[in-house]
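# Predicted model, plus sequence, below.
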Amino acid sequence: MSERPQQPDFDREVSNAETREKWRLAENADPATVGVAQLDPGNGYWFEQDKELQVFDRLRAEDPVHFTEDSMFGPYWSLTKFDDVKYVDTHQQLFSSDIMNGGIRLGGRPLQEPPPDMFHLPMFIMQDQPLHDEQRKVVAPMFTPTHLAELGVLIRERAQDILDNLPTDETFNWVREVSVELTGRMLATLFDVPQDDRHLLIHWSDTVERIGDPDYFETPAEGFAEIWKCFEYFNEVWQTRQKGEPGRDLISFLAHGESTKNMAPNEFLGNVLLLIVGGNDTTRNSISAGVQALNQHPDQYDKLRDRPDLIPNMVSEIIRWQSPVAHMCRTAMEDVEIRGKTIKKWDKVAIWYLSGNRDDEHFDRPDELIIDRPNARQHLSFGYGIHRCLGNRLAEMQLRILWEEIMQRFEQVELVGEPKFLNSSFIRGITDLPVRLHPK
């Protein structure tokens, strides 16, 4: 794969500066007083300012099938109730994920006859059947029970090493020293690249989510320049793996899979980024959220100390409570009526996993962390249907093992400052979590 991916033409991009400036006003807005018709749940500033749950409380109560006409992403529907989110996620014939139909992110629009020079990064999560199933199967061997058992041994060794080298007499950022470090090491293993390069993988994962954030990159072009570095790095890995015998890493699977070995450069880059982000964000932000949640619910921390056997169920509850992927998008392929409202063919639909996971018609006291919650595993965070997260068992295993090792070493991981949050309505991320350790 010698050619580079097609790049966007930034000279033709429409500036969203005016809309983004309107979004910034949400920093001082009260979700309880904004008119419900004007609520734009896709506004990343709600999330950065830790106000997003108030937005979804109102939408579930007042307008669970909500239409946003004016947004940075264009018009879109928001579904905020558990049953409605699950319905859309399990009816892929009615609601498409295909990139040519708008994809899985807010902002994408249907393009039945795309211009030949249109920039896009295809990936199997943004494909419908049968191509989705064919490409997903290529990387599925990474997540078999046998391979997961082997990875479990490695995860425990790394968790022990990370925890044993943390400072016990000073404040530090848990996100950087633990959450990022463990997921970075595992990403390098999944791709079979040098451990010294793990921070590159995290950097590219962060770049995907922050490419349009002026606080992170001065221009989108600067962000895309980093993405091309990702392509150049993995293109070299691809060339080597394609010439060798099939290995047991993700790039080898892609290089030798019948439905992936002849991918165009943009599709290769898209799938690599999908696997990087998928392997990083869910686990990383759930690791961070567990510490935050237990500090906010000290009675549950006490329960955990008395009942460490609850850790597997607690892991599911943490993932529900955090909902690290806040939403996915679909495009209606025909007119569909939900709760008396008609979603027209080609309308964009955001299904809010975060909101569905806080629906009190499905979860009792949903805003509380309850580590022995009976139905914790019924959460929406991994999705449902054909797009259910392929690496969900690996994510759960990393959290379970890490918390087993934490509880052996520390009486408490104490939150000693205010968390900071990612400006994104797609990945519900924690960027800073100041903590101090209290060893046993």
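Looks like it arrived, so ask away. Every value quoted in this text rests on a predicted model; they were computed, and no experiment measured them. Numbering: from 1, shown residues only.

# Contact partners for the residue most central in space within the chain?
Central residue of the chain (CA atoms, centre = their mean): residue 325, 3.8 Å from the mean position. Residue 325 makes contacts with 281-282, 353, 381, 383, 426-428, as judged by CB atoms under 8 Å, 6 or more residues apart in numbering. Quick note: C-beta positions are derived from backbone N, CA and C, even for glycine.

# Just the residues you listed: which are in helices?
Counted as lying in helices by DSSP state H, out of the contacts of residue 325, are 281-282, 353.

# possible to save the contacts of residue 325 as CSV with neighbour count?
Listed next are the contacts of residue 325 as CSV, based on neighbours: other CB atoms under 10 Å:
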residue, neighbour count
281, 24
282, 27
353, 26
381, 24
383, 19
426, 23
427, 23
428, 22
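
# just curious, which of those residues is nearest to residue 248?
residue 282 (22.0 Å; CB to CB).

# So, low pLDDT: which residues of the protein?
Residue ranges of the chain with pLDDT under 70: 1-28, 108-134, 212-213.

# Which strand residues bridge the residue nearest to the centre of the chain?
residue 427 (DSSP bridges).

# Residue 435: how many residues sit nearby?
Using other CB atoms under 10 Å, residue 435 has 24 neighbouring residues.

# So what touches the helix or strand harbouring residue 302?
Assignment of secondary structure by DSSP states H and E places residue 302 within helix 298-306. Identification of contacts with helix 298-306 by CB under 8 Å, 6+ apart yields 293-295, 310-311, 314, 369-372, 407, 411-412.

# cool, stretch 141-153 as well?
Taking CB under 8 Å, 6+ apart as the rule, stretch 141-153 contacts 186, 189-190, 248-250, 253, 390-391, 393-394, 397, 401.

# Filter the residues you listed down to the ones in helices?
186, 189-190, 250, 253, 393-394, 397, 401.

# What's the PyMOL syntax to select whichever of these are buried?
To isolate the buried members of the ones in helices among the contacts of stretch 141-153 in PyMOL, using 16 or more other CB atoms under 10 Å:
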select buried, resi 186+189+190+250+253+394+397+401
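
# Just flag the most distant two among the ones in helices among the contacts of stretch 141-153.
Checking those with CB to CB, the most distant pair is 253 and 401, at 24.2 Å.

# one step back: buried subset of the contacts of helix 298-306?
Among these, the ones that count as buried (16+ other CB under 10 Å) are 293-295, 310-311, 314, 369-371, 412.

# Among the residues you listed, which pair sits farthest apart?
370 and 412 (19.1 Å).

# Hmm, residue 43 is touching residue 425, no?
Yes. Counting by CB atoms under 8 Å, residue 43 touches residue 425, with 6.6 Å between them.

# one step back: go through the helix holding residue 302 and flag the buried ones.
In helix 298-306, counting by 16+ other CB under 10 Å, buried: 300-301, 303-304.

# Contacts only, for residue 187.
Taking CB under 8 Å, 6+ apart, one finds 198, 201-202, 276, 279-280 in contact with residue 187.

# could you redo the residues you listed as JSON lines and give each row distance to residue 217?
Shown next, in JSON lines, are those (distance: CB to CB, whole Å):
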{"residue": "198", "distance to residue 217": "22"}
{"residue": "201", "distance to residue 217": "18"}
{"residue": "202", "distance to residue 217": "16"}
{"residue": "276", "distance to residue 217": "18"}
{"residue": "279", "distance to residue 217": "23"}
{"residue": "280", "distance to residue 217": "19"}
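
# Let me have these in JSON lines, extended by distance to residue 231, neighbour count and secondary structure.
Listed next are those as JSON lines, based on distance: CB to CB, whole Å; neighbours: other CB atoms under 10 Å; DSSP: H, G, I helix; E, B strand; the rest coil:
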{"residue": "198", "distance to residue 231": "18", "neighbour count": "20", "secondary structure": "helix"}
{"residue": "201", "distance to residue 231": "13", "neighbour count": "27", "secondary structure": "helix"}
{"residue": "202", "distance to residue 231": "17", "neighbour count": "19", "secondary structure": "helix"}
{"residue": "276", "distance to residue 231": "12", "neighbour count": "24", "secondary structure": "helix"}
{"residue": "279", "distance to residue 231": "18", "neighbour count": "26", "secondary structure": "helix"}
{"residue": "280", "distance to residue 231": "18", "neighbour count": "25", "secondary structure": "helix"}
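
# packing partners for the strand or helix carrying residue 209?
According to DSSP H and E, residue 209 maps onto helix 198-210. In terms of contacts (3 or more CB pairs under 8 Å, 6 or more residues apart in numbering; DSSP states H and E), helix 198-210 is packed against helix 180-191, helix 220-243, helix 265-296.
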